[in-house]
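K.L.:
test case, fold it:
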Amino acid sequence: MSVKFGPGGNSQSFYDKGYKSTLQAPEYIKNMGLDAYEYEAGNGLNASMATLTAIGEKAREYGVSMSLHTPYFISLSSVGEDKRLKSVEYLRKSGAGADALGADIMVVHTGSAAKISRRQAMEYAAQTLVLVDIMLAEDNLRVKVGLETMGKVNQLGTLDEVIELCKLSKRFAPVVDFGHINAREQGALRTTDDFKYLFDRISKELGGEYADNLHCHFSKIEYTGMGEKKHLTFKDEVFGPSPELLAEAIISLGVSPTIICESDGTMAEDALELKEIYNEYNKHKKKEEKQNRQEQSKA
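P.N.:
Predicted coordinates for the structure are as follows:
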């Protein structure tokens, strides 16, 4: 396994270079030197299954790993039972779309905890996910449900909450958004060990395979006391988190995550920069290891 890098959706440069359709995204991704792409359906999955299948075929042709981000209006923890049941149906459609794309995982926001206690929100989310698990089995959909860590204080989706919900089924997996965690926890990702802790905790609670093959989101995010405010680009020097620290953590742990960059308009460019940072750090580590072996052999 190797670390994979790619954007969530299309950068402005995608259109500036003359591309017009997401059907062309796999070619664009490959030409950029990237190998992953997250299809963004945040405002609803409106493309036909034929179109999604065609995109999936292009992704396989260019060696691009696919994932899908489900609609933002899904709420697993809604107070209204009708809204929770509708969310199951939205995920049914998303699951079929993800299978058409050849996506291994569909990313889901767990919902809000603004109007009810976090415990009640967790109970609602768990009830909904049990129905989702049954639905996926009935429809013979193979895609995993990726439960994302969220960036706002009043949202459900701390790492602990995501881990707890993932224990409901082997179909569920954590999606760690490092920018969200950093924003929610007021700049908490300050050292390499802070990043490593997230992988280590997932490994301890869910198993090593979850940490080894973690699906991740990364972007620099501006935040307030209530958490996430807006996504930024890598040019920002005020807010984090640091791509260098993430690269160091991944190399130190020897894990192989897929990292989807969600920068504001420069997601592909920043994904490539993150990949280059990772490759440079990895090259430096291998050089050090080689020097250490040579010194040990001389001794």
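K.L.:
neighbouring strands - and their directions - for whatever helix or strand G6 lives in?
P.N.:
If you go by DSSP states H and E, G6 is part of strand 4-7. Sheet pairing for strand 4-7, assigned by DSSP bridges, gives strand 258-261 (parallel).
K.L.:
mind naming the longest helix for the chain?
P.N.:
Counting by DSSP state H, the longest helix found in the chain is helix 267-298.
K.L.:
helices or strands up against that one?
P.N.:
strand 4-7, helix 12-16, helix 25-32, helix 243-253, strand 258-261 (3 or more CB pairs under 8 Å, 6 or more residues apart in numbering; DSSP states H and E). C-beta coordinates here come from the backbone N, C-alpha and C atoms, glycine included.
K.L.:
including distance to V79, could these go into TSV?
P.N.:
Below are these laid out as TSV (distance: least, CB to CB, whole Å):
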stretch	distance to V79
strand 4-7	35
helix 12-16	38
helix 25-32	37
helix 243-253	36
strand 258-261	31
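K.L.:
would you list those in a markdown table and tack on distance to I181, mean neighbour count and mean pLDDT?
P.N.:
A markdown table is the format used below for the helices and strands packed on helix 267-298 (distance: least, CB to CB, whole Å; neighbours: other CB atoms under 10 Å; pLDDT from 0 to 100):
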| stretch | distance to I181 | mean neighbour count | mean pLDDT |
| --- | --- | --- | --- |
| strand 4-7 | 19 | 26 | 98 |
| helix 12-16 | 26 | 13 | 96 |
| helix 25-32 | 26 | 20 | 96 |
| helix 243-253 | 11 | 20 | 97 |
| strand 258-261 | 14 | 27 | 98 |
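K.L.:
how about I74: what's its closest non-neighbour residue?
P.N.:
Sequence neighbours aside, S87 is the residue nearest to I74 in space, at 4.6 Å (criterion: CB to CB, 6 or more residues apart in numbering).
K.L.:
in the host helix or strand of the one you found, what counts as buried?
P.N.:
According to DSSP H and E, S87 maps onto helix 81-101. Buried residues in helix 81-101, defined by neighbour count with 16 or more other CB atoms under 10 Å: 83-84, 87-88, 90-92, 94-101.
K.L.:
run through the residues that contact the closest residue to K17 other than its chain neighbours.
P.N.:
Among residues not flanking K17 along the chain, Y28 sits closest, at 7.3 Å (CB to CB, 6+ apart). The contact partners of Y28, taken as CB atoms under 8 Å, 6 or more residues apart in numbering, are 10, 14, 17, 19, 268.
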